[in-house]
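Asks: Provided below are the primary sequence and the corresponding predicted coordinates.
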Amino acid sequence: MIKPEEFAKSGFNFALFFANTAFDGIERLAVLNLAASRSAFEAFVSNVNTLLGVKDFKSFVEVQKDLAAPTLEKGIEYSRNVIAIATDAKEKIAKQVETHVADTSAKVSGIVEKALESAPAGSEVAVAAVKTAMKSANEAMDGLNKVAKQAAEVAEASVAAATEATIKAANVAAPKAAAPKKVA
């Protein structure tokens, strides 16, 4: 027979895993943000020094174009890293949730089966109803897991498509912005 403290310990261990995974993700984001801030500051100082050395407008436009591309690429790389950290944490938690739900479901099913075995005579209809309800609940949980996974995959694909579209748009816009305007 499963003891209540086993359920409590299982729940506590799951909560502990969730907290550790969240803290790991937060720590990775903090390191990423610190590195991005340092890189942005160093690029700013370098860009200001470069712009201070410009002698004419044409050179200024050309330098601006040269400085814009690496900044955009760093921003996109930063976004990819944030997405990778979030995806990694999501996958770890989803896997643990799936395992925890399956384990808990098996334990509850075992308890219910034992209880149903000792059901009084004439309660076959009630026993069948309980078994049907448990089967329906497990099928519903499986369906929810599938929907959640599909939603996550769609969201990740959307972010990837948006990132690629941004890269393409920026690569098209940067040369146009840097081109000198013709005065009529």
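Replies: Everything's here; your move. All of these numbers come straight from a predicted model, not from anything done at the bench.

Asks: How far does the longest helix along the chain sit from its chain's centre?
Replies: What stands out as the longest helix in the chain, according to DSSP state H, is helix 57-117. Centroid displacement of helix 57-117 relative to its chain, using CA atoms, centre = their mean, to the nearest Å, is 2 Å.

Asks: Quick one: mean pLDDT for it?
Replies: The pLDDT scores in helix 57-117 average 83.

Asks: for the following helix or strand past it, packing partners?
Replies: Moving toward the C-terminus from helix 57-117, the next helix or strand (DSSP states H and E) is helix 124-178. If you count contacts as 3 or more CB pairs under 8 Å, 6 or more residues apart in numbering; DSSP states H and E, helix 124-178 packs onto helix 57-117. Using the backbone N, CA and C atoms, a C-beta is placed for each residue, glycine as well.

Asks: same for the longest helix of the chain, what does it pack against?
Replies: Helix 57-117 packs on helix 4-52, helix 124-178, going by 3+ CB pairs under 8 Å, 6+ apart.

Asks: between these, which one is nearest to residue 93?
Replies: Among the helices and strands packed on helix 57-117, helix 4-52 comes nearest to residue 93, with 5.6 Å by CB to CB.
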